[in-house]
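Trainee: here's a sequence, model it:
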Amino acid sequence: MDAVLELRKLSKSYANHHVAVSGVSLTLQQGEFFSLLGPSGCGKTTTLRLIAGFEEPTDGDVLLKGVSLRGLPPYARNVSTVFQNYALFPHMTVRENIEFGLRHKAQMRTAEREKRVADALGMVRLTGKESRFPAQLSGGERQRVALARSLVLEPDVLLLDEPLSALDPNLRKQVRSELKSLQRRVGITFLFITHDQEEALSLSDRIGVMNQGRLEQVGTPQEVYLRPRTRFVADFLGTVNWINGVGVRPEATRISYQPPGGGERAVPAVVESSLFLGNCLHIRTRLITGEPVVAEVSRLNGSYGRGETVHVWWHPQDEIICPQ
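Mentor: Residues are numbered from 1 along each chain as shown. Purely as a prediction, here's the structure:
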């Protein structure tokens with residue numbers, strides 16, 4: 001695949017000596033769904049703003065299809081942004097919102113503009129609702145208008161700044177699935193900003209995990225979840241049981257009354273609680289050395305009562321070993 005977006009040692013500092021982004025280097029491929037994942041204040045939104053042209057880097061460069069964007073204003077960059085609050089014009093209809101960016105392209109004929117709008121409406125399943133105003137739409141529909149308004153411009157890269165955060169949990173899962181399907185259909189490179197681990201893991205071809213302005217790890221969802229390079233990445237991607245310096249995910253942690261007979265690792269523990277979650281049991285235990293250990297086991301394995309002595313065990317291939 002061809003590289004469409006490249007960040008070269010990108011940095012951003014402010015007058016108060018706060019370093020928001022520090023030496024970020026990254027390459028996105030054509031048609032890739034890439035997520036920047038990290039906690040609030042880690043620098044992911046600042047990185048997006050540097051790419052979009054809303055901020056200028058202190059050091060480093062942004063290249064789009066091999067051409068530097070340094071000094072170019074946002075409107076001169078062939079990237080488009082979907083904002084967290086969608087930023088729709090409330091006095092404009094769905095059609096007018098989607099068409100807004102195209103009206104600034106003086107060389108575009110009316111017929112071409114209307115075709116692009118109609119295609120965008122179809123892509124986001126809003127055909128027939130083009131005369132409605134944003135206040136007449138659901139949260140999911142407003143999100144789709146914002147997507148269509150960006151996609152109609154046919155950008156090289158679509159930047160999405162936590163676009164699902166305003167939706168309720170059930171709608172968020174539905175729109176998440178639609179977003180993945182849409183990206184596959186249009187083939188545009190998506191750079192998705194989120195602090196939600198589940199969103200990043202389920203949507204992305206690759207994930208970049210940010211912490212304090214730096215990229216700590218880049219890889220596929222499987223790589224960053226199962227083989228994290230740092231303790232921060234391991235803990236941010238989900239719960240980890242740290243046992244004698246080794247990490248084990250709860251779903252890879254087993255429990256039994258008797259120790260396993262093979263080459264598995266095993267330590268004794270006492271059950272503190274057992275919660276029925278429908279598809280599994282969430283069991284909290286504590287090792288005799290005092291460390292808490294959580295296991296998610298099949299409900300078909302039976303239940304374990306508070307105060308019972310058990311053996312917590314796992315397979316060596318499931319261990320996470322990374323620096324502090």
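
Trainee: element containing the residue with the shortest distance to the centre of the chain, please.
Mentor: The centroid of the chain falls nearest to residue 200 when counting by CA atoms, centre = their mean (2.9 Å). Residue 200 is part of helix 197-203 when elements are defined by DSSP states H and E.

Trainee: what's the answer for residue 294, then?
Mentor: Per DSSP H and E: residue 294 is located in strand 292-297.

Trainee: what's next to the following helix or strand past that strand, contact-wise?
Mentor: Next helix or strand after strand 292-297 toward the C-terminus (DSSP H and E): strand 309-314. Residues outside strand 309-314 that contact it (CB atoms under 8 Å, 6 or more residues apart in numbering) are 243, 248, 252-260, 264-271, 285, 287, 293, 295, 304. Any C-beta I mention is one placed from the backbone N, CA and C, and that applies to glycine too.

Trainee: so which bits of strand 309-314 are buried?
Mentor: 310, 311, 312, 313, 314 (16 or more other CB atoms under 10 Å).

Trainee: cool, stretch 314-324 as well?
Mentor: 314, 318, 320, 322.

Trainee: stretch 199-208 too?
Mentor: 199, 200, 201, 203, 204, 205, 206, 207, 208.

Trainee: now swap in stretch 180-189 and tell me
Mentor: For stretch 180-189, burial by neighbour count (16+ other CB under 10 Å) applies to 182, 183, 186, 188, 189.

Trainee: report the beta-bridge partner residues of the closest residue in space to residue 260 that isn't next to it in sequence.
Mentor: Distances taken as CB to CB, 6 or more residues apart in numbering place residue 313 nearest to residue 260, at 5.0 Å, with adjacent residues excluded. Residue 313 has these beta-bridge partners by DSSP bridges: residue 254, residue 266.

Trainee: next, the contact list for residue 72, please.
Mentor: Taking CB under 8 Å, 6+ apart as the test, what residue 72 contacts is residue 53.

Trainee: related to what we said a few turns ago, surely the residue nearest to the centre of the chain touches residue 35?
Mentor: Yes: counting by CB atoms under 8 Å, residue 35 is a contact partner of residue 200 at 4.1 Å.

Trainee: okay, and the common contacts of the two?
Mentor: The contact sets of residue 200 and residue 35 overlap at 192, 194, 207 (CB under 8 Å, 6+ apart).

Trainee: and of those, the nearest to residue 149?
Mentor: Residue 149 lies nearest to residue 192 out of these, by CB to CB, at 17.0 Å.

Trainee: ok, so what distance separates that closest one from residue 212?
Mentor: 21 Å (CB to CB, to the nearest Å).

Trainee: who has more neighbours out of those two?
Mentor: A direct count of neighbours by other CB atoms under 10 Å for residue 192 and residue 212 places residue 192 higher, at 26 against 14.

Trainee: and the more buried one, what are its bridge partners?
Mentor: Assigned bridge partners for residue 192, using DSSP bridges, are residue 35, residue 160.

Trainee: quick check: the gap between it and residue 48.
Mentor: Using CB to CB, residue 192 is found at 10 Å from residue 48.

Trainee: which neighbours do the two have in common?
Mentor: Common contact partners of residue 192 and residue 48 (CB under 8 Å, 6+ apart): residue 36.

Trainee: ok, residue 12 - how many residues close by?
Mentor: Residue 12 has 22 nearby residues by other CB under 10 Å.

Trainee: that one should be in a strand, yeah?
Mentor: Yes: assignment of residue 12 by DSSP: H, G, I helix; E, B strand; the rest coil places it within a strand.

Trainee: ok, and what's touching stretch 262-281?
Mentor: Outside stretch 262-281, the residues within contact range by CB under 8 Å, 6+ apart are 243-244, 246, 254, 259-260, 282-288, 292-293, 296-299, 301, 303-316, 319.
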